[in-house]
Each structure stands twice: as C-alpha cells, then as structure tokens.
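*Asks:* Build the 3D model from these lines:
(chains A, B, C and D)
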There are 2 protein chains.
Amino acid sequence: MFGMNDDAVFRALADASRRQLLDRLYDQSGQSLGELCQGLEMTRQAVAKHLAILEEANLVSVKWQGREKLHFINPVPINHIAERWINKFERRQLSALSALKKALEGDGDQ
Amino acid sequence: MFGMNDDAVFRALADASRRQLLDRLYDQSGQSLGELCQGLEMTRQAVAKHLAILEEANLVSVKWQGREKLHFINPVPINHIAERWINKFERRQLSALSALKKALEGDGDQ
DNA sequence: GTTATAGGCAACTATTTGGTTGCATGTCAA
DNA sequence: TTGACATGCAACCAAATAGTTGCCTATAAC
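*Replies:* Numbers count the residues shown, from 1 in each chain, chains lettered A, B, ... in the order given. Coordinates of the predicted model:
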C-alpha cells in the first residue's frame, strides 16, 4: 500500500514551513528564493534548505534565470500519493463512513 | 490551504514504520499491540510509541478489551487532508489524466 | 572596472525523534 | 494465590532535523 518511493514526499510534507512554501508556490508558481523568503521569520538559508528538501521529493522544480532561481510547484508526487494511498481510504470507506460518522457523533468516545 | 490541525497527521504519516502500521491495520483492523508487533524488527515499546503518535493524530482509535489494547484505523483525518489539500492539486490538474488512465485500465478495483 | 544583489556551501548548535533497556502495573488462567 | 501475559511508564542514547552564522561565488547594474 505504501511505496518506499513515497517516503521523501511524506517526509517533505511533514514540516509546516515546507507546506507553507508549497502554499505560496501554489498561489504563484515561479517565485525566486528571495521572493519566497519575504515575510517569513527564517533566514534565507533555512528557506533554501526547505526548498531543497521539496526539490528532492520532486514536489518543486527549479529553473535558473540569470542569478535568480525560480521555483515551480510540481503536482505529480502528490497525485501519486493520492492515487495510490488516500483514495484507497476515501473511495472505499468514506461512503460507509459518512453514515457511520453521523451515528458516532452522539456516541462520545470509546 | 494547509490547516494547522493537519500538522499532527502529516507528521504522523512522515514515518515509514507508522505507515506500515497503518497498512497492517488497514488489512485487519482491531489488532492488539502484541499482534501489531509480530514480524517487526522493533521492540514492543517502539511500536507502542508509534501507535501513540498515530492515536494523537487521530489516525488510530483504541479500545481496551481486558488486558489487550485493540487498535482501529480511522480514515477521517486522511479524508480531511484529501479533501482540503490533495484534491486541490488533483482535481484541477489531473482530471483529464485521471479519466484517461481509468479508461485505459478498464476501471478494475473499487 | 566596482558594487550591490541572488544565491550556495560549510560548520556549528539545539531540539526532536526513533529507538533502546529496565521496571511497574493490571488482567487472565491454573 | 501464584504465575504468566499484555501493556504502561521513565530514563537514557544516537541520529536526524531545523535553524543559525560566516564566508564564498556568480550575475547584474552603475
């Protein structure tokens, strides 16, 4: 169910700062390192490290333009995880779960 | 795009051992700690820690039965992430590809 | 040229994390 | 009751992680 290839993606997504960077790239792809640093309470080097991890997980692709390094979001790994993993839960169990969920909501814990 | 509430889920999913435990629980829900330990190259205490993290992320629910602690997989947080996050990538950019893929596969499982 | 800008590289630090061992607690079975 | 079994709790350890600072390189602008 879980492929070992997905490991880097899961680990990359584990950090809130990296998810925030993906957020920003989702809103506007093609930003440079400097642009991505703006407003973050981190040094440029820290941001660069996060971007490198996202790059290694293939969640972000880069393209040099002069002295600027532009970052582009890459949806393929996320789709890969979604197809191989999340849909397995969602598609099979969520339909039955919807009913169960409502039933359990009055049931407290267990 | 990323809710802070999802943080525990993302962090829990970041570890391959924990994903393996979810695999096992997906195959057979309601297993005890001892059962989940079998075949793993980890001490029982390590497995218990992993399960505690999955519990805290609400990915696993537990129920005591005598001296055994039974573990049940909970698909809600994963669905939550899928709905709030992954679908944003998938539905927009891969819809055409998805349809094509399923058409080519003959729509086997689910 | 010189200088400012964009980024990379390396060393270091503190905290988190994944794992261990040892012992304590609670439950079932004889 | 005694012993075996299932799990919890706490201390400890090594490695990974997130972040820093300091300096170096390359491109652009003047």
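*Asks:* So what's the model's average confidence on stretch A:33-51?
*Replies:* Stretch A:33-51 shows an average pLDDT of 97 in the prediction.
*Asks:* Equivalent analysis for stretch A:82-100, please.
*Replies:* Mean predicted confidence for stretch A:82-100 is 59.
*Asks:* Mind pulling up the pLDDT for the residue nearest in space to the middle of chain A?
*Replies:* The centroid of chain A falls nearest to residue A:13 when counting by Cα atoms, centre = their mean (4.6 Å). In this model, residue A:13 is scored at 96, pLDDT.
*Asks:* Okay, it and DNA strand D: tell me how far apart.
*Replies:* 10 Å (Cβ to the nearest atom of the strand, to the nearest Å). Using the backbone N, CA and C atoms, a C-beta is placed for each residue, glycine as well.
*Asks:* surely that residue meets residue B:14?
*Replies:* Yes - here residue A:13 reaches residue B:14: they are 7.3 Å apart, a contact under Cβ atoms under 8 Å.
*Asks:* With residue A:57 as the reference, measure out to the residue of chain A found nearest chain B.
*Replies:* Nearest residue of chain A to chain B: residue A:14, at 3.4 Å (Cβ to the nearest Cβ). Per Cβ to Cβ, to the nearest Å, residue A:14 is found 10 Å from residue A:57.
*Asks:* now do residue A:33
*Replies:* Counting by Cβ to Cβ, the gap from residue A:33 to residue A:57 is 17 Å.
*Asks:* before we move on, which element is the residue lying closest to the residue nearest to the centre of chain A once chain neighbours are set aside in?
*Replies:* Nearest non-adjacent residue to residue A:13, counting by Cβ to Cβ, 6 or more residues apart in numbering or on different chains: residue B:10, 5.3 Å away. Assignment of secondary structure by DSSP states H and E places residue B:10 within helix B:7-13.
*Asks:* What is that helix packed up against?
*Replies:* Counting by 3 or more Cβ pairs under 8 Å, 6 or more residues apart in numbering or on different chains; DSSP states H and E, the packing neighbours recorded for helix B:7-13 are helix A:7-13, helix A:16-27, helix B:44-56, helix B:76-81.
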